[in-house]
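>>> When you get a sec, could you give me coordinates for this:
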Amino acid sequence: MSLVAFTAVATITLLLCVLTGPDRHNRDELDELDEFYTGYRGLSPFRGGLAIAGDYISAATVLGTVGVIALTGYDGVVLALSTGLSLVLLMFLLAEPLRNAGRFTMGDAIGRRLPGRSVRIAVCGATIAALLPMMLVQLAGAGDLVAFVLGFDNAGLKTGCIVGLGVLMISYAAIGGMKGTALIQLVKMVMLLGSGAVVAGLVMSRFGWSPGELVAAAEKGSGAGPAYLRSGLQFTDSWSPRIDMISSELTVVLGGACLPHVTMRMYASRSATEVRRSMSWAVSAVVVFILLIAVIGFGASALVGRELIAGSDPQGNTALLLGTQGALGPDVTTVEALVFTAMATTIFLTVLASVAGMILACANSLAHDVFAHRGKRISARTEMTLARVSALAIGVPTIVLATFAQHRTLQPLVVLSFSLGASALAPALVYGLFWRRFTRAGLLCTLIGGTTGSIVLMTGTNLVSGSPGSAFPGMDFNWFPFTTTGIVSIPLGFLLGWLGTVLSPRVRRTAQRRQYEAVERRILAGAVRREQG
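Sure, this is the predicted structure:
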C-alpha cells in the first residue's frame, strides 16, 4: 500500500510541475523568466503563506524534532518552539526589507546597496554552502525512510531510492520553477497538517484526551524520570548543558530565518502588505504543526518507549512512524492502515518538496547571481535555460554525495546548515539591510569568515567524533566543548562584518554609505519599486 501511495504521489506531483511550469506561448521572455523565478507573483497570501511554511518545515525538521521530543522531552519542546520563533523573527524583521530589496535571489537583495559581481558570487557560495548539507541529510535519509516503511534492508535498493528521488527533485525544480515547487509545498502542508491532526487525535484518545496523563506516561516511557521534563537531558555529555542549550536555540532561531530557500519566497509576493499576510498564515500553520508534533512526540515516548525508538535510530528520526504505529495499536484495521500509509506518504512528500525547494534556491542563485551578471548581458530565455541546467549541476553532485553519506550519522550536517545560516547569512542580511556604514569588505568578511568559522568549529564537536553516536565513532578529535557552534560562530560572523567595515578606507565607506542612502527608502519602505536585473 505504501509503495503504491509513494508512486502515485511522485507521479501526480511531477505532472503538476509540468502543468504549472513556465509557458512560452504568448509570453514575453521577461515574463517567462519572472514566472520561473517568482511564480509571476501569482499566489494569494494564504497560498503563499502555506508555501513559506512548506519550505520552512523540512523533512529534517519533521523527523528530527519529533525524535528529540520523544527522547529528551523538555529540550525537544524548546527546540520546536525555537523553530516557530525563527519564523516570527523573519516575519517582523526581514520579510518586508527582503521583498523590497530583492527581485529573484538573496544576491539581488544584498546587491541592491552593495553592487558588484564579487558580492553576488560570495552570496551564491554561501547559499550553496548552507543548503548542501541539509540536502544531503534529507536525500540520504530518504533511502532509510523507504526501507523502514517497506521493510527491506538491501543497500543497493536504498541507493536506488536515493538516485530515483534525486532525479525527481531535480525535475521538480527544473520543470516547475517557483510556481511548481510552491504547489508541491501546498500539497505537502495540507497533508502534514491533516495526517498530523489525525495521528495526534489518536494519541490523545489513548490517554482520555488528558494532556497531563500523556506527559506522565511519556516521562515513564522515556526511562529518564523527572529529568525528562527538565532542561539539559539532550546535552548531558556537554561541558555546560545550559550554555549548549542556549547555543542550540540561537542557532535554530537565527539560522532557520535566514536559509535561502525560505527567504526566496519573500520575492514572490506582490506587495509589502501581501508579504505580511503571507507570513501571518505561515506562522499560524507552523505553530499548529508544532503543537501536533509535540503531542506525537510525547505519544511515541509513552506508547513505544525510549529503548525501541533509540534502537531503531539513535537520533529518533523514526519516532514519528513508530509513534503512529503505537497510536494505532497491535490490531490494525484497514482504515488505520490507511492512516499509517498517509503519514508515511506525507513524510515521503516532505522529503521531495524540501529538497526540490533547496535545489531551486541554489540553482536560481547560481544562474542569476553568477552567470547572468557577468560582463556580457544574456537574454532572459538564456538565463532561464541556465537556471534549469544549474538545477542539474547542483542536483547530480548532491545525489552522488548522498549515496556516500547514507551510512554515516548525518546530524552534524543538519546542525552545520543552521550554523551557516546563523553565522554567515544572518549577519550579512542584518548589516546589509539596516546598517548604513556597511561596506563590501565587511560583507565578504562576514560571509567568508562566518562560513569558514562554522565549518572549522563543527569539526571539533562531539557530533563529528568522540562519542558513540557521532559521524566518526572510532575517532576522537573532539576539541570544541559544545554540540552546536552558534555560541561562538554567530558573534564571530557579526564581529567580522563590523571589523571589515571599520577597517575599510574612509573614502570607500563614505561612497558605499551614499549608495545605501540612495536605496534606503526602497529597502525599508518599498518606495519607488522598479524591477531591474
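
>>> Now the helix-or-strand element of the chain with minimal mean pLDDT - C-alpha only, CSV.
Every helix and strand of the chain was ranked by mean pLDDT, DSSP states H and E. The lowest is helix 29-38, at a mean of 74. Provided in CSV are the C-alpha atoms of helix 29-38 (Å, rounded to 0.1, in the frame of the first residue of the first chain):
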residue,chain,number,x,y,z
GLU,A,29,10.8,36.5,-22.4
LEU,A,30,11.0,38.7,-19.3
ASP,A,31,7.5,37.5,-18.2
GLU,A,32,8.6,33.9,-18.6
LEU,A,33,11.8,34.4,-16.6
ASP,A,34,9.8,36.2,-13.9
GLU,A,35,7.3,33.3,-13.8
PHE,A,36,10.2,30.8,-13.3
TYR,A,37,11.9,32.7,-10.5
THR,A,38,8.8,34.1,-8.6
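
>>> helix or strand right after it?
helix 45-56 (DSSP states H and E).

>>> Give me the distance from that following helix to the chain's centre.
With C-alpha atoms, centre = their mean, to the nearest Å as the basis, helix 45-56 stands 13 Å off its chain's centre.

>>> in the least confident helix or strand of the chain, what's buried?
Buried residues in helix 29-38, counted by 16 or more other C-beta atoms under 10 Å: E32, L33, D34, E35, F36, Y37, T38. The C-beta positions use only the backbone N, C-alpha and C, and glycine is treated the same way.

>>> Throw those into TSV and include distance to G111, thanks.
Shown next, in TSV, are those (distance: C-beta to C-beta, whole Å):
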residue	distance to G111
E32	23
L33	17
D34	18
E35	22
F36	19
Y37	15
T38	17
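
>>> what's the average pLDDT for the helix ranked longest in the chain?
Secondary structure of the chain per DSSP state H: the longest helix is helix 117-150. On average, the pLDDT along helix 117-150 is 86.

>>> how far out from the middle of the chain is that helix?
9 Å.

>>> Which neighbouring elements make contact with the helix or strand just after that helix?
Heading C-terminal from helix 117-150, the first helix or strand you meet, by DSSP H and E, is helix 155-171. Judged by 3 or more C-beta pairs under 8 Å, 6 or more residues apart in numbering; DSSP states H and E, the packing partners of helix 155-171 are helix 2-20, helix 117-150, helix 334-365, helix 380-405.

>>> Tell me how far the first one lies from the chain's centre.
It stands for helix 2-20. Per C-alpha atoms, centre = their mean, the centroid offset for helix 2-20 relative to its chain is 22 Å.

>>> Over to the last one?
The chain centre lies 18 Å from the centre of helix 380-405; the measure is C-alpha atoms, centre = their mean.

>>> so where's this structure shaky on pLDDT?
21-31, 40, 148, 152, 332, 375, 526-533 (pLDDT under 70).

>>> can we see that at 50?
26, 528-533 (pLDDT under 50).

>>> sorry, back to before: tell me which residues in the longest helix of the chain are buried?
So, applying 16+ other C-beta under 10 Å, buried residues of helix 117-150: 119-149.

>>> Same check on stretch 304-314?
Here stretch 304-314 shows V304, G305, R306, I309, A310, S312, D313 as buried, counting by 16+ other C-beta under 10 Å.

>>> which residue packs closest to the second one, ignoring adjacent ones?
So the one you mean is G305. Spatial nearest neighbour of G305, excluding adjacent residues (C-beta to C-beta, 6 or more residues apart in numbering): G221 at 4.6 Å.

>>> so the one you found touches E307, yeah?
No: G221 is beyond contact range of E307, at 9.0 Å (criterion: C-beta atoms under 8 Å).

>>> could you say which helix or strand contains A257?
Take DSSP H and E as the rule and A257 turns out to sit in helix 241-258.

>>> what's the angle from that helix to helix 117-150?
Helix 241-258 and helix 117-150 meet at an angle of 110 degrees, taking axes from the mean of the first three to the mean of the last three C-alpha atoms, to 10 degrees as the criterion.

>>> What are the buried residues along helix 241-258?
Residues of helix 241-258 classed as buried by neighbour count (16+ other C-beta under 10 Å): 241, 244-245, 247-258.

>>> Same check on stretch 214-224?
Quick answer for stretch 214-224 (16+ other C-beta under 10 Å): L214, V215, A217, A218, E219, G221, S222, A224.

>>> want to throw the residues you listed into CSV with secondary structure and distance to V355?
Formatted as CSV, the buried residues of stretch 214-224 follow (DSSP: H, G, I helix; E, B strand; the rest coil; distance: C-beta to C-beta, whole Å):
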residue, secondary structure, distance to V355
L214, helix, 33
V215, helix, 34
A217, helix, 35
A218, helix, 31
E219, helix, 36
G221, helix, 33
S222, helix, 32
A224, coil, 34
